[in-house]
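Trainee: A predicted structure for the sequence below; I have some questions about it.
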Amino acid sequence: MDSSHVDGELTSILITEAEIKDRLAELSREIEADYAGANVLLVGVLKGAVMVMADLARELSLPITMDWMAVSSYGSGTKSSGVVRILKDLDSDLSGRRVLIVEDIIDSGLTLSWLLANLKSRGPESVEILTLLRKPDAAKVDVDVRYVGFEIPNEFVVGYGLDYNEKYRNLRSIGVLAPHMYDGS
Ligand code: PRP
């Protein structure tokens with residue numbers, strides 16, 4: 001859907017559909033150069049990364065395979081809890097694989113920092129991270145991220161996979177959620 005369907009619920013559109021598409025194309029060219037000839041496994045982190053994964057995978061001129069993990073680091077609110085648990089594990093064996101984790105957002109960094117260590121312990125040839133969004137001002141731990149789509153301010157963003165209480169994931173752009181939607185004002 002486009003933002004006209006959530007009128008009054010966003011304060012602004014931060015990144016348009018066209019900007020996301022262009023940036024994923026740029027990142028894809030970098031990935032193609034970096035992983036030429038490699039047997040790449042894209043690991044998507046459910047649910048937020050579904051849109052990035054689908055568009056990135058189709059943009060890449062590389063034969064890849066895909067797998068999915070579900071982990072939880074947020075409650076239903078707007079803050080990271082720091083508690084990470086596996087809700088769904090990978091089906092794939094990572095030994096000898098070139099793994100690229102695909103995420104929608106790195107906020108505190110707690111989820112990715114944990115996930116990186118977890119996947120590295122499974123014997124892959126390499127593990128790198130791609131995230132569409134990163135909030136540098138929200139970082140609680142340093143995570144080594146190879147591909148970043150956009151660095152964004154520390155605001156509550158929704159759309160293109162990102163939700164608030166499961167809503168807005170199908171918004172084509174990325175917008176800032178209006179505070180009255182979550183603070184009761
Ligand atoms: C979001 C996002 C990352 C994590 C980032 O997922 O997809 O996995 O939070 O936060 P952090 O850097 O502070 O750890 P969420 O737990 O909201 O689940 P979802 O993808 O199903 O929406």
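Mentor: Yep, it's here.

Trainee: hey, let's count contacts and neighbours off CA atoms from now on
Mentor: Will do.

Trainee: what's the first helix or strand after the least confident helix or strand in the chain by mean pLDDT?
Mentor: Within the chain, no helix or strand scores below strand 80-88, which has a mean of 79 by mean pLDDT, DSSP states H and E. Where DSSP states H and E defines the elements, the next helix or strand beyond strand 80-88 is strand 98-106.

Trainee: near the ligand, anything from that next one?
Mentor: Yes. Interface with the ligand: strand 98-106 contributes 103, 104, 105, 106 (CA under 6 Å from any ligand atom).

Trainee: tell me the mean pLDDT over that strand?
Mentor: The average pLDDT within strand 98-106 is 97.

Trainee: the helix or strand just after that strand to strand 98-106, inter-axis angle?
Mentor: Moving toward the C-terminus from strand 98-106, the next helix or strand (DSSP H and E) is helix 110-120. Calculated by axes from the mean of the first three to the mean of the last three CA atoms, to 10 degrees, helix 110-120 forms an angle of 170 degrees with strand 98-106.

Trainee: tell me the helices and strands packed up against helix 110-120.
Mentor: Counting contacts by 3 or more CA pairs under 8 Å, 6 or more residues apart in numbering; DSSP states H and E, helix 110-120 packs against strand 64-74, strand 80-88, strand 126-134.

Trainee: will you turn these into TSV that also has mean neighbour count and distance to residue 146?
Mentor: Shown next, in TSV, are the helices and strands packed on helix 110-120 (neighbours: other CA atoms under 10 Å; distance: least, CA to CA, whole Å):
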stretch	mean neighbour count	distance to residue 146
strand 64-74	17	18
strand 80-88	14	22
strand 126-134	20	6
